[in-house]
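Enquirer: Just a sequence and a predicted model for now, questions to come.
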Amino acid sequence: MMIAGAQGRAEENLPEFRLGVQAHFEQGWSTQLIERAAELGAVSVRDEISWRESETTKGIYDFSIADQYMQPLIEAGIKPFIVFTGRNPLYDEGQTPYSDEGIAGVANFISAIYSHYGAENIAIEIGNEVNSDDFVTGPFAEDKPGNLAAVVRAVDEKLARDNPGAEIVCAGLNTIAMEFYRDFFRAGGLLACDGISFHPYRDYPYTLRVEIDRLKQLMQLFGGKSRFMRRNSVSGWKIRKRRRTT
């Protein structure tokens with residue numbers, strides 16, 4: 001979802017507000033839901049592609065499982081927004097990739113996804129709430145911003161050679177975690193990405209615009225373009241219900 005309402009578009013000349021949906025076809029959801037998503041007007045679907053299932057031998061990729069939902073999405077005119085959070089027992093003993101070999105494995109896999117489906121048909125997000133303790137394991141966790149930056153730099157370099165039209169979004173943090181973003185940007189992560197994503201969980205949405213403005217300023221401080229893509233890839237907040245009186 002692009003973060004730009006009507007007022008934001010007028011002020012900043014940003015693209016129109018676009019709404020996608022989160023799905024779990026990779027986990028077995030019925031692909032019959034794709035037609036429903038199209039009927040609702042979803043322009044993108046956020047999902048995953050299993051690394052461990054797609055690469056069981058180093059350097060050899062089989063996307064036949066992912067094809068079962070990826071191809072119908074593309075044919076329906078819905079752009080898959082694939083979040084990469086994967087681990088693979090072929091690299092770094094199945095932990096979150098941190099070694100040179102493991103990071104190269106991530107870059108090769110993401111490039112292979114783009115080569116298979118076409119850079120014009122999909123987008124990929126690297127990272128999902130890596131600032132929490134739920135989605136990373138092993139030595140990667142010792143320096144999450146620095147290690148994530150190393151991953152996206154490697155992916156960016158690989159795509160520049162093999163799929164120059166591909167774009168990557170980073171890093172799907174839990175809340176707009178400014179200190180994490182600052183360390184990530186300082187380590188070179190910002191300029192290796194084409195967009196920045198976040199999950200602005202909160203009880204109430206009133207401060208969201210202020211926090212987004214602060215993130216924009218931080219991005220510009222580290223060299224990000226003023227029209228750099230900002231994507232809210234997961235969101236939700238509490239809405240107080242008014243009680244009806246009689």
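Expert: Yes, it's here. Numbers count the residues shown, from 1 in each chain.
Enquirer: Walking through this structure, point out its strands one by one.
Expert: Secondary structure of the chain by DSSP state E: the strands cover 21-22, 44-47, 79-84, 123-126, 168-174, 195-199, 229-232.
Enquirer: Neighbouring strands of the fifth one in the sheet, and parallel or not?
Expert: What it means is strand 168-174. strand 123-126 (parallel), strand 195-199 (parallel) (DSSP bridges).
Enquirer: what about that strand, distance to the chain center?
Expert: For strand 168-174, the separation from the chain centroid amounts to 5 Å (computed by Cα atoms, centre = their mean, to the nearest Å).
Enquirer: How about the first one?
Expert: Between the mean C-alpha location of strand 21-22 and the chain-wide mean there is a distance of 12 Å, by Cα atoms, centre = their mean.
Enquirer: In TSV, list the strands of the chain along with mean pLDDT and mean neighbour count.
Expert: Placement of C-beta: from N, CA and C, glycine included. Listed next are these as TSV, based on pLDDT from 0 to 100; neighbours: other Cβ atoms under 10 Å:
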stretch	mean pLDDT	mean neighbour count
strand 21-22	92	16
strand 44-47	95	22
strand 79-84	96	22
strand 123-126	96	23
strand 168-174	93	24
strand 195-199	91	22
strand 229-232	55	20
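Enquirer: Now residue 92: closest residue in space, sequence neighbours ignored.
Expert: residue 102 (4.0 Å; Cβ to Cβ, 6 or more residues apart in numbering).
Enquirer: re the thing from before, let's have the strands paired with strand 168-174 in CSV, adding distance to residue 114.
Expert: Listed next are the strands paired with strand 168-174 as CSV, based on distance: least, Cβ to Cβ, whole Å:
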stretch, distance to residue 114
strand 123-126, 7
strand 195-199, 15
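Enquirer: How much space separates the closest residue to residue 70 other than its chain neighbours from residue 127?
Expert: Once flanking residues are discounted, residue 70 sits nearest to residue 80: 5.7 Å by Cβ to Cβ, 6+ apart. Distance, residue 80 to residue 127, by Cβ to Cβ, to the nearest Å: 17 Å.
Enquirer: wait, doesn't residue 154 sit right on residue 102?
Expert: No. Residue 154 is not in contact with residue 102 according to Cβ atoms under 8 Å; the separation is 9.9 Å.
Enquirer: contacting residues for residue 97?
Expert: With contacts defined as Cβ atoms under 8 Å, 6 or more residues apart in numbering, residue 97 is in contact with 87-88, 91, 103, 105-106, 140, 151.
Enquirer: from those, which ones fall inside helices?
Expert: 103, 105-106, 151 (DSSP state H).
Enquirer: most neighbours, which of those?
Expert: Of all the ones in helices among the contacts of residue 97, the highest neighbour tally under other Cβ atoms under 10 Å goes to residue 151, namely 28 neighbours.
Enquirer: those helices in the chain, which residues are they?
Expert: 6-12, 33-39, 51-54, 64-75, 100-117, 144-162, 178-186, 208-221.
Enquirer: okay, the contacts of residue 97 in TSV with distance to residue 200 and pLDDT next?
Expert: Listed next are these as TSV, based on distance: Cβ to Cβ, whole Å; pLDDT from 0 to 100:
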residue	distance to residue 200	pLDDT
87	26	96
88	30	98
91	32	98
103	28	98
105	31	98
106	26	98
140	24	96
151	23	98
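Enquirer: where's residue 54 relative to residue 193, distance?
Expert: 23 Å.
Enquirer: wait, residue 138
Expert: Taken as Cβ to Cβ, the span from residue 138 to residue 193 is 23 Å.
Enquirer: These two - which one has more neighbours?
Expert: residue 193 (28 against 17).
Enquirer: is the closest residue to that one other than its chain neighbours in a bridge, and if so with what?
Expert: Of all residues beyond its chain neighbours, the one nearest residue 193 is residue 170 (4.1 Å), with distances taken as Cβ to Cβ, 6+ apart. Beta-bridge pairing for residue 170 (DSSP bridges): residue 126, residue 196.
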